[in-house]
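Student: Quick one: sequence and predicted model below, then my questions.
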Amino acid sequence: MHRLLALALIASTLLMATDALAQAVPPVTPITGGSPTLSAEDTPAPEPTENLDIGISTEEIAITSDFRGADLTIFGAIDGFNPRLLAQGKYDIVVALEGPKENATVRRKERVFGIWINRHSMTFESVPQSYSLSSTRDIERIAPAGEINNIGIGVDHMRLEPVGFLGDGSNVGAFRDAFRRLKEASGIYQRDPGGVQFISASLFRATVRLPANVPNGTHLVRAYLFRDGAFVSARALQLRVVKTGLEQAITRAAHEQPFFYGLFAVLIAVITGWLASVVFRRD
């Protein structure tokens, strides 16, 4: 009798332990139809593998008294390109030559009592003194406008931020358009859609123009690579533009010795005027 009671007590204890274990462990749902797969949203996008290598025909441009402008040639190659995309023409190259940056002021004239005077002005912060752009095609067709604006490529997409501007911003667009129009009219800002050409499978050549009134200083050659409308990579090199000969001596004297430069200029003016009076005086 005692043996039967012990066996019943053991069986009851085992049953209670089994029920507790069943409640603690969650049920397992069987997997059917093969192994699970990741959705398109869960799959990470492949990182771009393309890179640019560029070189310029010269690292220094000498400005002389008879300088009439020059063409700068840039050679480059696309590393790690996709042959299929290259064959489909999905790669685009944009090359820009940016001059030294400084603040630029745009003034608007108004007629007051029959006289045209400067009434309003706006200064833009740190803009290139010169800008020349070449590309495989029109940059508006290379990438969306938002992408181009974020990078700041091209005359129409260049960042023009006013200095210390206070107002409703209604005139900023007009001054920006005037700045671009004046720069392009003077030839200091230029663009050449089609100025970049592929000379082999992945090698390209670009030509950018230095105008006759190009400022001296350190310029930057920037090359941008786009793949099917998306920006991939960029490279930059420096180019020095320096004045030589008499122009360099005058420029250096004006900046380093302004007092003596001004005194010499006045002396030259006095001598020139005296000589003119002697030559053209009437006896």
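Tutor: Yep, it's here. Numbering: from 1, shown residues only.

Student: which residues does residue 155 contact?
Tutor: Neighbour list for residue 155: 131, 133, 180, 183-184, 189, 191 [criterion: CB atoms under 8 Å, 6 or more residues apart in numbering]. All C-beta atoms are positioned from the backbone trio N, CA, C, and that covers glycine.

Student: One more pass at 6 Å, please.
Tutor: 180, 189 (CB atoms under 6 Å, 6 or more residues apart in numbering).

Student: pLDDT value on it, please?
Tutor: Note on residue 155: pLDDT of 91.

Student: distance of it from residue 185?
Tutor: Using CB to CB, to the nearest Å, residue 155 is found at 12 Å from residue 185.

Student: cool, residue 274 as well?
Tutor: Taking CB to CB, one finds residue 274 at 40 Å from residue 185.

Student: Could you do residue 97 as well?
Tutor: Taking CB to CB, one finds residue 97 at 19 Å from residue 185.

Student: Show me which of those two is the more surrounded one.
Tutor: residue 97 (24 against 9; other CB atoms under 10 Å).

Student: hang on, that one is in a helix, isn't it?
Tutor: No: applying DSSP: H, G, I helix; E, B strand; the rest coil, one finds residue 97 to be strand, outside a helix.

Student: How confident is the prediction for it, by pLDDT?
Tutor: 95.

Student: shouldn't it be in contact with residue 207?
Tutor: No: contact criterion CB atoms under 6 Å: residue 97 and residue 207 do not qualify, at 10.2 Å.

Student: Identify the contacts common to those two.
Tutor: By CB under 6 Å, 6+ apart, no residue touches both residue 97 and residue 207.

Student: Contacts for stretch 94-105 next, please.
Tutor: In contact with stretch 94-105 (CB under 6 Å, 6+ apart) are residues 74, 121, 123-135, 153, 196, 206, 208, 215, 217, 219-224.

Student: List the buried residues of it.
Tutor: For stretch 94-105, the neighbour count (16 or more other CB atoms under 10 Å) marks 94-99, 104 as buried.

Student: Sheet-wise, list the partners of the strand or helix carrying residue 92 with their directions.
Tutor: Assessed by DSSP states H and E, residue 92 sits inside strand 91-98. Each strand paired with strand 91-98, and its direction, by DSSP bridges: strand 131-135 (antiparallel), strand 217-227 (antiparallel).

Student: What's the separation between residue 261 and residue 132?
Tutor: The gap separating residue 261 from residue 132 is 31 Å, by CB to CB.

Student: Neighbour count: those two, which is higher?
Tutor: residue 132 (28 against 16).

Student: For that one, list each beta-bridge partner.
Tutor: Beta-bridge partners, per DSSP bridges, of residue 132: residue 97, residue 190.

Student: Wait, it touches residue 209, no?
Tutor: Yes: with contact defined as CB under 6 Å, residue 132 reaches residue 209; the gap is 5.2 Å.

Student: what about the strands paired with strand 91-98, which gets the closest to residue 62?
Tutor: strand 217-227 (13.4 Å; CB to CB).
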